[in-house]
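Q: Mind looking at a prediction? Sequence and model below.
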Amino acid sequence: MLSLKNVSAGYGRKLVVRDITMRVPEGEFVGLIGPNGSGKTTLLRVISGVLAPFEGEVLLRGAPLRTIGKRRLAQMMACLPQELALDLAFTVREIVLMGRSPHLSRIGRETRKDTEAAEKAMAVADIADIADRYMTEISGGERQRAFIAMCLAQEPQILLLDEPTSHLDVGHQLSLLDLVKRLNRRSGMTVVAVFHDLNLASEYCDRLLLLHQGRAEALGSPQEVLTVEIIRRVYQAKVVTEPNLVSGKPHIVISAGTDPPGE
Amino acid sequence: MNVRRGWGIFVILFALLLGACALSLLAGPTWVPLSEMPESSIVRMRIARILLAIIAGAGLSVSGVIFQALLRNPLAEPYVLGVSSGAGLGAAVAIVLGLSSAGVWGVPLLAFAGALGAILLVYTLARTSSGAVPVPTLLLSGVIVGAVLGSFLMFIVSISESEKLHNVMWWLLGSLQALDWRPLEISAPPVAAGLLTAILLSRDLNLMTLGEEPAAHLGLNVEQTKKLFFLVASLMTGATVAACGLIGFVGLIVPHIVRLIIGPDHRRLVPTSALAGATFLVLADSFARSVLPVEIPIGVVTAFLGGPFFLFILRRRTSPYWR
Amino acid sequence: MNQAHDERAKRARSWIVAAPTVGALVVLFAGLCARGTMRSFAERGTKPAQRIVSLAPSVTEMLFGLGLGDRIVGATDHCDFPPEAKKIPRVGGLGRPNVERLLSLAPDIVIATDLERKDLAEALRLDGLRVLELKIGNFAELFDAERKIGDAVGEPEQAARQVREMQAQLDRAAKLYAGVPRDRLPRVFIEVWSDPLITAGGRSFLDDVIARAGGVNVAHDLERDYPTINPEKVVEWNPDVILLCYMTEAKDAAAQVAGRIGWGGIKAVRERRVIADISPDALLRPGPRLVAGVERLAERLHPPQAGEAVPPAPGNAPEK
C-alpha cells in the first residue's frame, strides 16, 4: 500500500528525518513513535503529501506521491491533524460533508450519494445524535470524532493520524482509538498514526516505527521495539516492561526515580 | 424560517436592497416631487450614484469575506490590511504618469496592481514559518503596510504638479459621485467577475477556513486557490478604489453581521454579503448626502460606523460564531 | 522698638523685590513697543526697494507692469509672465518659498500673497527682512495692492496710473451690459474642478470677476471660497452659462461636461454656452491681466446682437 524509500526531509536547510525506508502493507496499523523532535510529525506530513522530501520518495499503491493529483490523493488518503482549531460555527454535519469534497467537482453540489456517505460516516463515528449541533458547542472528544467522521466521509483507503488523542481524557482516547481499530480490522483500512503515549501505541498498533533524532531506530512489532534497552537508549528513561494484564502486549511500567539520570 | 437554509433570506435582502434604493432616490439636496420623477435628470444622476454604491458595496463586502476566509481572521478586510492604500497608491501613480487620460483602464489597472502588491506584502510579513498567520502579526503588518504605502501616496501628492491629485481628501475619504458612467464602467466588470468566481468556488473558501493543511488533505490545491482568491479580492478592491477612492470597513462590518445571521457557509455567505454590502452602502450614501448641507465623504460614514465596530469585535471573544 | 525696626525691614524688603520686578516689566514693555516701532519704520522704508523677491505670479506681473522687471531678484516656480520672468531665479512654489534660497538672494523686500504658513512672514521679519503681505480677494483689494507695491518700490505715480488703466478697462467691460436689468443678467456656474465638483463661492475673487463681467454667480450665496457641491445643485440652479476654470488646460472639457448624466437639460448645455476656452491665467491669476480676462468674459456673456458693430477697444493689451 504505502512505501517509503530513503526518505529524507526537513524545513529550509534543516534536516529533520533521515533516510527512512519502510513498507506498510494494506490493512496494517502502524504507529510512529519517538521523543519530541524526533521527526514523527514531519514524517507524517511527507506521507500525507503536504511536505515534499529532500531525497527519496513515497509510493502509494506503487505510484509516486507527487504524480498523484491532489483530488485523487484525497480520495485515497485522509489525514486527521493534531488539533484543529476551528473558529467557525459550522454544524457537525456541515463539517462531515466537507469530507466529500474530493469526490465532488469544483463547483458541484452534494448529491444524495454524498449525504448518505456523510450519514454513514457519522454513524460509524457515533456522532449521529449531535449532527446538527455546532462544532463550537460540543466537547473536545466529540469534535475529534466529528473530524474522524469527516475523514471517513472521504472513503479513504488509508488514514493518517497525528497524535489524535493527546488532548483528550482517557475515556475519549480509548473510544476514539477503538473506533479506528474497528475500521482497521473490519474494513481493512490502513492506518498510520503518530503516538505520544507508548502504551497506547503498543495496544493498538500492529507494528511500530521508532524514530530517534530523525533516523529509524527500530521497526517491528511492539514486542520487538518496546524493549527496556531501546527505551533507555532513545528516551533516556529507565522503565520496566511487562505484558499488559489484559491483552498481553508490552506495557511500559514507570516508577518515580530517585537516582539522578545517567546512572 | 430557518435562516441558515432556504431562499427566504435572499428574498428579504433583495427586498431590503430595493427599499434602500427607493429611499436613496429621495435623498439629496434637491427635492424632486414624485410626479416629476420619471423624467427628472436629477433622479437619473441619483440612479447612477446608487448603482455605483451597489457595485462598490458588493465588491468590498465580498473582498472582506475572501480575506477573512483565506487569512482565517475576522478582522481582515481590504482597508485594515492596507490593500486599499496599495490600490490608492497605484491609482495615484497612474494619474501622475498621465495614464488617466490615455484610455479608461490605465488607472484601474495600476490600482489593481497596487492592491495585489499590498496584500502580498502583508501576507509575507505576517506569515510564520509554519504557515500560520497569527492575528496580532497580521493586524500589525496590515497597519504598517497601510501606513507606509499611505505615506508614499502623500509623497507623490506633495511633489506632484498634477492638479488631478489636488484634492487628496477625495481619495482618502471616498466618494460615490458619478458625473458620468466612467466609474461604473471601470468597476462593474471586475466586481461582477470577482463575485461570480467567489460564488462558484465558495466551497473552496469553506475548506480554506479549516486551515491550509486540512484543506490540502481534502484535495484542494491550496497554493493555486490562495493565489486565485488573492487576485480576485485585489481586483475587486482595486476597481472600487479606482472608481470611488478609499472606503473602509465595509468588508469588515458586513460579512461579520451576515455571518452572525446565516452562518459561515460561504456558499450562502458570499451572495448574501454582496447583497447586504450593496444595501449598506446605498443607505450610507443616502445618509452622507442628505443629513448635512455639506456632503459628508462616504469613507467618513463607514469609518464612523466601522471604527467602533472593529473594537467591538476585537474585544468580543465569546462570540459563538467566531472566536 | 524692635517691632518698628521689623516693620521698616519688611517694607524695605518688599521694595527691594518690587522695584526690580516693575523695572524689568517696564523695560520689557518698552522693548516690545520699540520693536513694533522699529518694524513699522522698516515697513515704511527709507529707500525704495531695489532687490525685490516676489512670492506670487500676480505680484511678478504687477512689478513688470510698473516697469520694474529688472529689480526682481527672486520669483516663484509659477512666475511665467511676461516671458522674461522665466529667467528670474526661483525661490520655490506658490506660497511655499524655500527660505534659504530666499535669504541668499539678499532682497530689500519680499512681497507675498497667500503664504501657506502664516507665521512665515513674521519669521522673515525677525530675520531682518522687509515683508509686504498682500491680500487680494477682489478688485478693490487688487487696486489697493497695486498702490502698496507702488509705495514700496518708490513708483507711486506709475502704480496709480496702472490702477486707472485697470479701472478704465473694467468700465469698458461694464458698458457691454450697461442697459441690461439685473434680473436679466446671465446666470453663470463656475466650475473650478470636476472631481469632486468645486465651484467658486461668494467670497472668491472669481465671484467678483463674474459680477464685473456682467454675470451672476449661481453659487454667490455659498459663503465659502471654493465649496464642493453636489452635481444635483447645478441641475437645480439651471445656469445660463457654465464657465470652466480649471487650473490646467483640459481638452474636451466642454464635451465632457455636456455629456454628464442628467446635465443634458441644463440651459447652458442645451444652448451650448459652456465656456472652456478662456485661458485659466486670464481668470484665475489675480493680477493685471485679470481685467483683460473680465473684458473677454463680458464679451462672451454679452455678445453683440447681429448687426451691431463691436467697438474696438483702445490699446487692448495682447492676451495670452
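A: Perfect, thanks for sending it. These figures come from a predicted structure and were not determined experimentally.
Q: does any part of stretch B:70-88 sit near chain A?
A: Yes: contact between stretch B:70-88 and chain A, assessed by CB under 8 Å from any CB of the partner chain, occurs at B:72, B:74. Just so you know, the C-beta spots here come from the backbone N, C-alpha and C atoms, and that holds for glycine as well.
Q: end-to-end on that stretch?
A: When the termini of stretch B:70-88 are compared using CA to CA, to the nearest Å, they are 23 Å apart.
Q: so how far is that stretch off the chain centroid?
A: Here stretch B:70-88 shows a centroid-to-chain-centroid distance of 9 Å under the convention CA atoms, centre = their mean, to the nearest Å.
Q: which parts of it are buried?
A: For stretch B:70-88, a neighbour-count test (16 or more other CB atoms under 10 Å in any protein chain shown) marks B:70-88 as buried.
Q: What are the contacting residues of whichever strand or helix holds C:A211?
A: C:A211 is located in helix C:205-212, with elements delineated by DSSP states H and E. Contacting residues not belonging to helix C:205-212 are listed as C:136-139, C:170, C:173-174, C:188, C:190, C:192, C:200-201, C:216-217, C:219-220, C:243, C:245, C:283-284, C:286, C:290, C:293-294, C:297-298 [CB atoms under 8 Å, 6 or more residues apart in numbering or on different chains].
Q: so of the residues you listed, which ones are in strands?
A: Secondary structure assignment by DSSP state E places C:188, C:190, C:192, C:216-217, C:243 of these in strands.
Q: Restrict stretch C:79-92 to CA atoms and write it as PDB.
A: What follows is stretch C:79-92 as a C-alpha-only set of coordinates in PDB (Å, rounded to 0.1, in the frame of the first residue of the first chain):
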ATOM      1  CA  CYS C  79       6.000  83.100 -12.400                       C
ATOM      2  CA  ASP C  80       5.900  82.800 -16.100                       C
ATOM      3  CA  PHE C  81       4.500  86.100 -17.500                       C
ATOM      4  CA  PRO C  82       5.800  88.000 -19.200                       C
ATOM      5  CA  PRO C  83       8.300  85.600 -20.700                       C
ATOM      6  CA  GLU C  84      11.300  87.400 -19.200                       C
ATOM      7  CA  ALA C  85      10.000  86.400 -15.800                       C
ATOM      8  CA  LYS C  86      11.000  82.900 -16.500                       C
ATOM      9  CA  LYS C  87      14.700  83.900 -16.300                       C
ATOM     10  CA  ILE C  88      14.400  85.100 -12.800                       C
ATOM     11  CA  PRO C  89      16.000  82.800 -10.200                       C
ATOM     12  CA  ARG C  90      13.400  80.600  -8.500                       C
ATOM     13  CA  VAL C  91      12.700  80.600  -4.800                       C
ATOM     14  CA  GLY C  92      10.000  77.900  -4.500                       C
END
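Q: That stretch near chain B anywhere?
A: No: Stretch C:79-92 lies out of reach of chain B by CB under 8 Å from any CB, never closer than 13.0 Å.
Q: Next one: the residue of the stretch 151-263 of chain A found nearest chain B from chain C, what distance?
A: Across the stretch 151-263 of chain A, the shortest distance to chain B (CB to the nearest CB) belongs to A:Q154, at 7.3 Å. Per CB to the nearest CB, to the nearest Å, A:Q154 is found 55 Å from chain C.
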